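Colleague: Need coordinates for the following:
(chains A and B)
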Amino acid sequence: MHLLEVKNLAINFKTYGGEVKAVRDVSFHVDEGEVVAIVGESGSGKSVTAQSIMGLVPRPPGIIKGGSIIFKEQELLHMTRKEMRKIKGSKISMVFQDPMTSLNPTMRIGKQIEENLFSHKKMSKKQVKKKAIELLRQVDIPNPESRYEQYPHQFSGGMRQRAMIAIALACEPDLLIADEPTTALDVTIQAQVLELMRELQKETNTSIILITHDLGVVAEMAQSVAVMYGGMLVEKGTVNDIFHHSAHPYTRGLLKSIPNVESTEKKKLVPIKGSPPDLFSPPKGCPFAPRCKYAMDVCIDHMPPEFEIGNNHTARCWLNHTHAPGIDEFESRSEPL
Amino acid sequence: MYILKRFLIMFLTIWVIASLTFVIMKFIPGDPFASDSKRLTEEVLENQRAKYHLDEPIPVQYVMYMKDLITLDLGTSIQSNTRSVNSIIKQGAPVSAVLGLQALVVALIFGLFIGIIAALYHNQFLDYASMMLAIIGISIPSFILAPFLIKFLAVDTGILPVASWGTWKHTILPTIALAASPLAVIARFMRSSMLEVLNQDYIVTADSKGISRASLVIKHGIRNAILPVVSFVGPLLASLIAGTFVIEEIFAIPGIGRYYVDSIFNRDYPVIMGTTIFFSAILVVTLFLVDISYRLIDPRIKVNSKEE
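Modeller: Numbers count the residues shown, from 1 in each chain, chains lettered A, B, ... in the order given. Next up, the predicted model:
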């Protein structure tokens, strides 16, 4: 049994221009103690997917079109607000992207951590305070006793994100969703925060869904990777599968577009040409087909199913069909067809 | 240190206002006895002017007035002849202040409540309904609303007294009439401020902790949304408790409101000065209180910049 299983999730957003199909038929799962990374460019639906697990998709304008999210054998999508409140913050919690805006500016840091404990644990005021200070110490905030009394504006960006992590971990959740936790931070601080998250993950064996567009972060933290494009999950597998045996042209394009510090030869970065699909009326076939070097006729008209590549490695690409030539064969040719 | 500085600035402000008022007042053509000039002989008028030192050069008058002002003596009303301006204020101000405070409390409680409800039910029936009410409240002036209230709640049904001052019942209608428009403004302010706050990231963070809806709205929403309203309440408080001409006139309330207007028509110099200084003192003090309360609500604002 998986800790979390998302099946065929579909989410639309109602706007004046029509319905945006933000998430289409997304399925993945997270096991206990596993770190799953969801990668993809802006607007690929990764944040919405994560928010829907926490019931944080604003409805309206959001509409859950279908699918299921099963957490510890419970269906999250059918829960009432009250039932969901019991899970939010205690069993599943979230670290947000921008620590500068994610903390309440008029509430002391200590209180913001304690709120979580008060609403889920039966603890006395004294115990809660002790635990909050302990949490601040755990996330490497110096002088936690005096920091406990301070307001967010007295914290630096990195410290705020540490405080966010302390809030998220307060009730020792089974699943932590980190929505681009390092995107808004300086590079040096990024490394520190990632290191902290990795340490805490090892200590507590918390499962993590890590949303990012930084493949470097993925390689450092995750065991499995799900690649999203145009609201769909185009490929998923282990880190090794995705980085070294990718079976989807989009994933390969992503990997080629990041610089490699170690390589000595002068190579130009290869961008993925074109722009992401219009989610108001997504293409009938593969969403990546218009930008894909290897697109075939079938790609334009027919949505590729999830092809099983290996154990737990799937890719939504027609190239993996038994009758198709296969992506490696394409790549080895110098000229695209 | 900061408080001391603020006090100095407050006195300076009042002095500047007093001086400006003095100068402008003397520029208005005519004098307190202009209307009597037909009845009285030139000699009597001269005597009257001399009695109130109006025959002295203006700079001398100014110095004399300022000397009295330092001892908090606002002079004697020329119109009523015997009443000191201090006693006019002492008598009228408490009445106006009671009425004003009641109106402010009503406006704040209902205004904030309606604004918050409208924001929480954004783009739903309750939102539209309360904003309709707010528009009506803003667009109907108090001198229209007051006669309506008198007609329906006093004359026709007899539930409440028509006018004048005395028991608590007498204060209800003028309080409603006085509170209506600030109530509507506060409601609109609070709604837009609350909507902005509810869209902030930290609200999502708070929601993700699984706290109750009530503490989400109160601790995270209202506390942050109320700041712009507070800055509006300062001047509002001053103008409400310092007395209002229209409402006090309609309900025959013995407040201080009518002296603001009457004194100018009569060129009753000491009363003009007295009421202006009284009003500006209240305004300056309430603004000071607002500044202090900012600090209590928003920790990012520091009263003393050196404090860390």
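Colleague: how about the helices of the stretch 51-200 of chain A, start to end?
Modeller: A:81-87, A:109-120, A:125-138, A:144-147, A:157-169, A:187-204 (DSSP state H, counting those that start in this stretch).
Colleague: buried sites along the last one?
Modeller: When neighbours are counted by 16 or more other C-beta atoms under 10 Å in any protein chain shown, the buried residues of helix A:187-204 are found to be A:Ile189, A:Gln190, A:Gln192, A:Val193, A:Leu194, A:Leu196, A:Met197, A:Leu200, A:Gln201. In this view, the C-beta of every residue, glycine as well, is placed from N, C-alpha and C.
Colleague: rewinding a little: JSON lines for the helices of the stretch 51-200 of chain A, including mean pLDDT?
Modeller: As requested, the helices of the stretch 51-200 of chain A are arranged in JSON lines below (pLDDT from 0 to 100):
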{"stretch": "helix A:81-87", "mean pLDDT": "88"}
{"stretch": "helix A:109-120", "mean pLDDT": "89"}
{"stretch": "helix A:125-138", "mean pLDDT": "89"}
{"stretch": "helix A:144-147", "mean pLDDT": "90"}
{"stretch": "helix A:157-169", "mean pLDDT": "89"}
{"stretch": "helix A:187-204", "mean pLDDT": "86"}
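Colleague: Residues of chain A that sit close to chain B?
Modeller: A:54, A:56, A:81, A:84-90, A:93-94, A:96, A:98, A:101-107, A:115-116, A:118-120, A:151, A:153, A:164, A:167 (C-beta under 8 Å from any C-beta of the partner chain).
Colleague: For the residue nearest in space to the middle of chain A, which residues are in contact?
Modeller: Central residue of chain A (C-alpha atoms, centre = their mean): A:Ile211, 2.2 Å from the mean position. By C-beta atoms under 8 Å, 6 or more residues apart in numbering or on different chains, A:Ile211 lies in contact with A:Ala37, A:Ile38, A:Val39, A:Lys46, A:Ser47, A:Ala50, A:Ile177, A:Ala178, A:Asp179, A:Glu180.
Colleague: Surely the fifth one is within a strand?
Modeller: No - going by DSSP: H, G, I helix; E, B strand; the rest coil, the assignment for A:Ser47 is helix, not a strand.
Colleague: how far away is A:Ile141 from A:His153?
Modeller: Noted for A:Ile141: a distance of 15 Å to A:His153, by C-beta to C-beta, to the nearest Å.
Colleague: And the residue in the stretch 151-300 of chain A that chain B sits nearest to, how far from A:Glu41?
Modeller: Chain B sits closest to A:Tyr151 of the stretch 151-300 of chain A, with a gap of 4.5 Å, by C-beta to the nearest C-beta. As for A:Tyr151, its distance to A:Glu41 is 35 Å (criterion: C-beta to C-beta).
Colleague: Run through the strands of chain B in chain order.
Modeller: With strands called from DSSP state E, chain B shows none.
Colleague: Nearest residue to the middle of it?
Modeller: B:Ser239 (1.1 Å).
Colleague: OK, contacts around the residue of the stretch 51-200 of chain B found nearest chain A?
Modeller: Nearest residue of the stretch 51-200 of chain B to chain A: B:Gln200, at 6.5 Å (C-beta to the nearest C-beta). B:Gln200 makes contact with A:Thr101, B:Asn224, according to C-beta under 8 Å, 6+ apart.
Colleague: before we move on, back to that, find the pair from the contacts of A:Ile211 with maximum spatial separation.
Modeller: A:Val39 and A:Ile177 (14.5 Å; C-beta to C-beta).
Colleague: out of those two, which sits in the busier spot?
Modeller: Set A:Val39 next to A:Ile177 and count neighbours by other C-beta atoms under 10 Å in any protein chain shown: A:Ile177 wins out with 28 against 24.
Colleague: ok, A:Glu172 - how many residues close by?
Modeller: 12.
Colleague: dump the residue contacts of it.
Modeller: By C-beta under 8 Å, 6+ apart, the neighbours of A:Glu172 are A:Thr204, A:Thr206.
Colleague: That one and A:Lys273, how far apart?
Modeller: Distance, A:Glu172 to A:Lys273, by C-beta to C-beta: 46 Å.
Colleague: Repeat that for B:Asn266.
Modeller: With C-beta to C-beta as the criterion, B:Asn266 and A:Lys273 are 83 Å apart.
Colleague: who's more crowded, these two?
Modeller: Shown here are B:Asn266 and A:Lys273; by other C-beta under 10 Å, B:Asn266 has more neighbours (21 against 10).
Colleague: got a list of what the more buried one touches?
Modeller: Residues near B:Asn266 by C-beta under 8 Å, 6+ apart: B:Pro32, B:Ser35, B:Ile78, B:Gln79.
Colleague: among those residues, which two are most distant?
Modeller: B:Ser35 and B:Ile78 (11.5 Å).
Colleague: The two: which is more packed in?
Modeller: Using other C-beta under 10 Å, the more surrounded residue of B:Ser35 and B:Ile78 is B:Ile78, with 20 against 12.
Colleague: surely that one meets B:Ile272?
Modeller: No - contact criterion C-beta atoms under 8 Å: B:Ile78 and B:Ile272 do not qualify, at 10.1 Å.
Colleague: Could you report the neighbour count for the closest residue to B:Pro235 other than its chain neighbours?
Modeller: Across the structure, with C-beta to C-beta, 6 or more residues apart in numbering or on different chains as the measure, the residue nearest B:Pro235 apart from its sequence neighbours is B:Leu283 (6.7 Å). For B:Leu283, the neighbour count with other C-beta under 10 Å is 19.
Colleague: A:Ser68 too?
Modeller: Neighbours of A:Ser68 using other C-beta under 10 Å come to 15.
Colleague: So what pairs up with it in the strands?
Modeller: According to DSSP bridges, the partner residues bridging A:Ser68 are A:Lys7.
Colleague: any idea how far it lies from A:Ser52?
Modeller: A:Ser68 is 11 Å from A:Ser52, by C-beta to C-beta.
Colleague: what residues do the two have in common as contacts?
Modeller: A:Leu9, A:Leu77.
Colleague: So which of A:Ile141 and A:His153 has more stuff around it?
Modeller: Neighbour totals were compared for A:Ile141 and A:His153, and A:Ile141 leads with 21 against 13 (other C-beta under 10 Å).
Colleague: Would you mind listing the buried residues in stretch B:120-136?
Modeller: Residues B:Leu120, B:Asp127, B:Ser130, B:Met131, B:Leu133, B:Ala134 are the ones in stretch B:120-136 that count as buried (16+ other C-beta under 10 Å).
Colleague: what's the distance between that stretch and the middle of its chain?
Modeller: Centre-to-centre, stretch B:120-136 and its host chain are 27 Å apart (C-alpha atoms, centre = their mean, to the nearest Å).
Colleague: How about residues contacting it?
Modeller: With C-beta under 8 Å, 6+ apart as the criterion, stretch B:120-136 contacts B:114-115, B:117-119, B:184-185, B:187-188, B:191, B:194-195, B:198, B:217.
Colleague: circling back: was I right about the residue nearest to B:Pro235 contacting B:Leu240?
Modeller: No - B:Leu283 is beyond contact range of B:Leu240, at 11.2 Å (criterion: C-beta under 8 Å).
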